[in-house]
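J.: quick one, fold the following:
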Amino acid sequence: MLAVVGILLFVNVVGNATSKARSLADEFTNLVVSGQTEQAYDNYLSQPLKDELDKQSFVDGIASLELDSSCKANYNSVSVNSENGNNKADLAGKLQCEGKTIDLQYIFEGTNDLKMSSIRLRP
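T.: Below is the predicted model of the structure:
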């Protein structure tokens, strides 16, 4: 009985983490698609990623994709794991826009608040 409770608890924790990761990714994507790129940068990117990628380069890179309201994220892979208290969520898929498809991969990491540690958006 205890093993069943442990398994159910584990499945629930992983399910919640997966749901939270997908929600974070959707929130981030909605901001960049709606042109709120600076807010997405400020609120979702981790400090190490900000150190590597300055805000203007990020804004220019997103602008070059010419995203619009037709763009919708479709994740074909969501993996979540936790190691030594550090949580990591890796999401990959496509950003489907009218007339184009953009490959996407987001990695979020952190102990409590997950922040984006890696982003890849490629037409």
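
J.: isn't Lys72 up against Leu95?
T.: Yes. Shown here, Lys72 and Leu95 form a contact pair, counting by C-beta atoms under 8 Å, at 7.3 Å. Placement of C-beta: from N, CA and C, glycine included.

J.: looking at these two, which is more packed in?
T.: Leu95 (21 against 14; other C-beta atoms under 10 Å).

J.: for my notes, confirm the more buried one occurs in a helix.
T.: No. Looking at Leu95 with DSSP: H, G, I helix; E, B strand; the rest coil, it is strand, so not inside a helix.

J.: confidence score at the nearest residue to it once chain neighbours are set aside?
T.: Of all residues not flanking Leu95 in the chain, Ile102 sits nearest, at 4.1 Å (C-beta to C-beta, 6 or more residues apart in numbering). Looking at Ile102, its pLDDT stands at 96.

J.: tell me which element Ile102 falls in.
T.: strand 100-110 (DSSP states H and E).

J.: other SSEs contacting that strand?
T.: helix 2-33, strand 86-97, strand 115-122 (3 or more C-beta pairs under 8 Å, 6 or more residues apart in numbering; DSSP states H and E).

J.: let's see it at 10 Å
T.: Using 3 or more C-beta pairs under 10 Å, 6 or more residues apart in numbering; DSSP states H and E, the elements in contact with strand 100-110 are helix 2-33, helix 47-52, strand 72-83, strand 86-97, strand 115-122.

J.: count the residues that sit near the nearest residue to Asp103 once chain neighbours are set aside.
T.: Counting by C-beta to C-beta, 6+ apart, Asp103 lies nearest to Arg122, which is 4.7 Å off, once chain neighbours are set aside. Using other C-beta under 10 Å, Arg122 is surrounded by 9 other residues.
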